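Undergrad: Model the structure of this input:
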Amino acid sequence: MRRRRIVGLYAAALAGECLWLGAIIAAPYLRSRDSGWAPILYSCFAPLCHQRPDRSFYAFGYPWAVCARCSGIYLGILLGLLAYPFRRGFDILRLPKPSALALVSAPIALDAAANILGFWNSGPLLRLSTGLLWGLILPFYFLTGVGELLIAGRF
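TA: Alright, predicted model coming up:
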């Protein structure tokens, strides 16, 4: 029962993340087709990202629905989800060591702070890289936290 719940949670998270990433790319595609769905997709991501065109990747002649850093985070989450079964399996739920979170959080925090303080203006590849690194660890926290709720029967 425990393993089945964890696998179900994992499958739902993986499917959701694929849909999420698909929506990020679908927004510029739909805008290029003058679809009325494009503004809806862009507005769904607006509360989560500044969506500045100068900090975004482009597809179909239009910016993605999120900036390069957010794109990296969401891509990192997908890669972390794909790595999860090989790193943790589905029998044990445990959080990564706090030092691991600190290690992958330092580059994104440093880059964001330096940009805010005006020390530098990082390009899209650096933003993508720091977001990707940080996003890789997030599934290990999400699946552990929500998995514990499922197993405890509180969810």
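Undergrad: Please name the nearest non-neighbouring residue to residue 59.
TA: residue 28 (4.6 Å; C-beta to C-beta, 6 or more residues apart in numbering). Glycine gets a C-beta too; all of them are placed from N, C-alpha and C.
Undergrad: Residue 124 too?
TA: Per C-beta to C-beta, 6+ apart, closest to residue 124 is residue 68, 3.8 Å.
Undergrad: likewise residue 31?
TA: residue 38 (3.9 Å).
Undergrad: if I look at that neighbour, how far off is residue 25?
TA: 12 Å (C-beta to C-beta, to the nearest Å).
Undergrad: what residue is smack in the middle of this protein?
TA: residue 74 (2.1 Å; C-alpha atoms, centre = their mean).
Undergrad: Distance check, that residue against residue 89.
TA: 24 Å.
Undergrad: Please identify the helix or strand for the residue nearest to residue 59.
TA: Using DSSP states H and E, the element containing residue 28 is helix 2-32.
Undergrad: Could you figure out how far whichever helix or strand comes after that helix is turned away from helix 2-32?
TA: Per DSSP H and E, the first helix or strand lying C-terminal to helix 2-32 is helix 37-45. With axes from the mean of the first three to the mean of the last three C-alpha atoms, to 10 degrees defining the directions, helix 37-45 sits at 130 degrees from helix 2-32.
Undergrad: in the helix or strand bottoming out on mean pLDDT in the chain, what's buried?
TA: Comparing every helix and strand of the chain by mean pLDDT, DSSP states H and E singles out helix 124-152 as the least confident one, with a mean of 93. Buried residues in helix 124-152, defined by neighbour count with 16 or more other C-beta atoms under 10 Å: 124, 126-140, 142-144, 146-147, 150-151.
Undergrad: check contacts around the nearest residue to residue 63 once chain neighbours are set aside.
TA: Nearest non-adjacent residue to residue 63, counting by C-beta to C-beta, 6+ apart: residue 56, 3.8 Å away. Neighbouring residues of residue 56 by C-beta atoms under 8 Å, 6 or more residues apart in numbering: 63, 64, 66, 67, 68, 71, 124.
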